[in-house]
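**Student:** compute the structure for the input listed below.
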Amino acid sequence: MSIYLFQILNGVGLGMIYFLLSIGLTIIFGLLNFVNFAHGAFFLLGAYLCAQVHIMTGNFWLSLLLAPLAVGFLAWLVEKLLLHRTYHLPHMYQILVTLGLALIIQESSIIFWGPVGKNVPTPEVLQGAVTLGSFAYPWYRLFVIVLALVVALILWILLEKTKFGALIRAGSENTEMVSLLGVNIFKLFSVTFGLGAVLAGMAGVLVAPLRGAEPFMGTEALGIGFVVVVVGGMGSFVGALVGGILIGIVQSLASSLWPQGANIMIYGAMALVILLRPYGLFGRA
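**Tutor:** Below you'll find the predicted structure:
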C-alpha cells in the first residue's frame with residue numbers, strides 16, 4: 001500500500017509542474033484565442049537555461065529566478081515582433097507559425113547545448129528525504145509541491161483580485177468591449193503571453209533536477225499541456241490545477257502498474273473525460 005501512496009504523492013508533485021505548464025497555455029488561449037504550439041519549447045528553454053546557469057554559477061536558486069524571466073522576455077519579444085500579426089488569422093496559420101518557432105528553439109538548443117541531455121543536480125539543501133509514515137519522500141519533490149502551490153495562490157490572487165486579472169477575464173469574454181473602454185488590448189496580450197511563458201519556463205526549471213534537460217522534452221510537454229487543458233476545461237484556472245494533478249497521479253500510478261503504457265493512460269484519461277464532459281471538468285461550452 002505504501003508504494004501506491006508514494007506514487008500518488010509523486011503524481012501530485014508531477015501534477016503541480018503540469019499545472020504551471022498548462023495554466024499559461026489556457027490563459028493565452030482564453031484571452032487571445034491563440035493556439036500556441038511553441039509553449040512546450042518555452043518549457044524546454046527553461047530547463048536548458050537552468051542547466052546553463054547552474055554550469056556557470058553552480059547556483060540552482062539563481063537559475064530558478066533568472067531562467068523563467070529570460071524565457072518570459074523572449075516570449076514577449078517574439079509576440080511583439082511576430083505573433084501579434086497572426087491574431088486575426090485562422091488558427092491554422094497560428095499553429096504553423098508557433099510550430100515553426102518551436103522547431104527553431106528546439107534545433108537552436110541542439111546546436112548550442114548539443115544533442116546529449118544536461119543533468120542538473122538537486123540543490124544541496126533539498127537533498128535527502130523526509131520520513132512520512134512508513135516511507136521516505138524526497139525533500140526536493142516536496143519543495144516542488146509547496147512552491148507550485150504558492151505560485152498558484154499568487155496567480156489566483158492576480159487573476160481574481162486585481163485590475164490586471166479583471167482585464168484578462170473581461171478580455172477573454174469580449175476583447176472589443178475592453179478596447180472600447182480605453183485599454184491597450186495589444187499591450188495586455190503581450191504581457192499575458194509573456195506571463196504564460198514565465199510559468200512554462202518555471203516548470204522547465206523545476207523539472208530539470210528530476211529528469212535533466214534534453215532536446216525533445218518540449219514536444220512531450222506540449223502534448224501533456226494540451227491534455228491537462230482539455231481535461232480541466234479551456235480557460236479555467238481551477239481546471240488547470242485539478243487537471244494537472246489528476247494527470248500527474250494517473251501517469252505516476254500507471255508507471256508502477258504498467259510502465260510501458262503510462263503515456264497511453266494519460267490519453268485514456270483524457271478520452272474518458274471528453275466522453276463524460278466534452279468541455280472538461282470545469283470548462284464552459
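**Student:** could you pull out the strands in the stretch 51-200 of the chain for me?
**Tutor:** Remark: strands assigned in the stretch 51-200 of the chain by DSSP state E, counting those that start in this stretch are 129-132, 135-138.
**Student:** could you list the buried residues of the last one?
**Tutor:** Using 16 or more other Cβ atoms under 10 Å as the test for burial, strand 135-138 gives 137-138. For every residue, glycine as well, the C-beta is placed using N, CA and C.
**Student:** list the strands paired with it, with their directions.
**Tutor:** Sheet pairing here is set by DSSP bridges, and for strand 135-138 it gives strand 129-132 (antiparallel).
**Student:** list the contacts of the partner strand.
**Tutor:** The contact list for strand 129-132 (Cβ atoms under 8 Å, 6 or more residues apart in numbering) reads 9, 136-139, 142.
**Student:** switch to 7 Å and redo it
**Tutor:** Here strand 129-132 makes contact (Cβ atoms under 7 Å, 6 or more residues apart in numbering) with 136-139, 142.
**Student:** hmm, back to that, out of the strands of the stretch 51-200 of the chain, flag the one nearest residue 259.
**Tutor:** Counting by Cβ to Cβ, residue 259 lies closest to strand 135-138 out of those; the figure is 19.7 Å.
**Student:** how far away from the center of its chain is the helix or strand of the chain with the lowest mean pLDDT?
**Tutor:** Taking mean pLDDT, DSSP states H and E as the measure, the chain has helix 175-180 as its least confident helix or strand, at a mean of 72. With Cα atoms, centre = their mean, to the nearest Å as the basis, helix 175-180 stands 28 Å off its chain's centre.
**Student:** buried stuff in it?
**Tutor:** Neighbour counts using 16+ other Cβ under 10 Å place 175, 178 of helix 175-180 among the buried residues.
**Student:** please compute how far stretch 247-263 lies from its chain's middle.
**Tutor:** Its chain's C-alpha centre lies 19 Å from the corresponding centre of stretch 247-263 when counted by Cα atoms, centre = their mean.
**Student:** which parts of it are buried?
**Tutor:** Of all the residues in stretch 247-263, those buried under the rule 16+ other Cβ under 10 Å are 247-255, 262.
**Student:** name the nearest of the contacts of strand 129-132 relative to residue 86.
**Tutor:** residue 142 (41.3 Å).
**Student:** follow-up on the earlier one: which strands or helices does the least confident helix or strand of the chain pack on?
**Tutor:** When contacts are defined as 3 or more Cβ pairs under 7 Å, 6 or more residues apart in numbering; DSSP states H and E, helix 175-180 packs onto helix 163-173, helix 185-211.
**Student:** quick check: which of those is buried the most?
**Tutor:** Comparing the helices and strands packed on helix 175-180 by mean neighbour count (mean count of other Cβ atoms under 10 Å), helix 185-211 ranks first with a mean of 24.
**Student:** which SSE is immediately downstream of that one?
**Tutor:** Heading C-terminal from helix 185-211, the first helix or strand you meet, by DSSP states H and E, is helix 217-232.
**Student:** ok so, going back, so which of the buried residues of stretch 247-263 belong to helices?
**Tutor:** The members of the buried residues of stretch 247-263 that map onto helices under DSSP state H are 247-255, 262.
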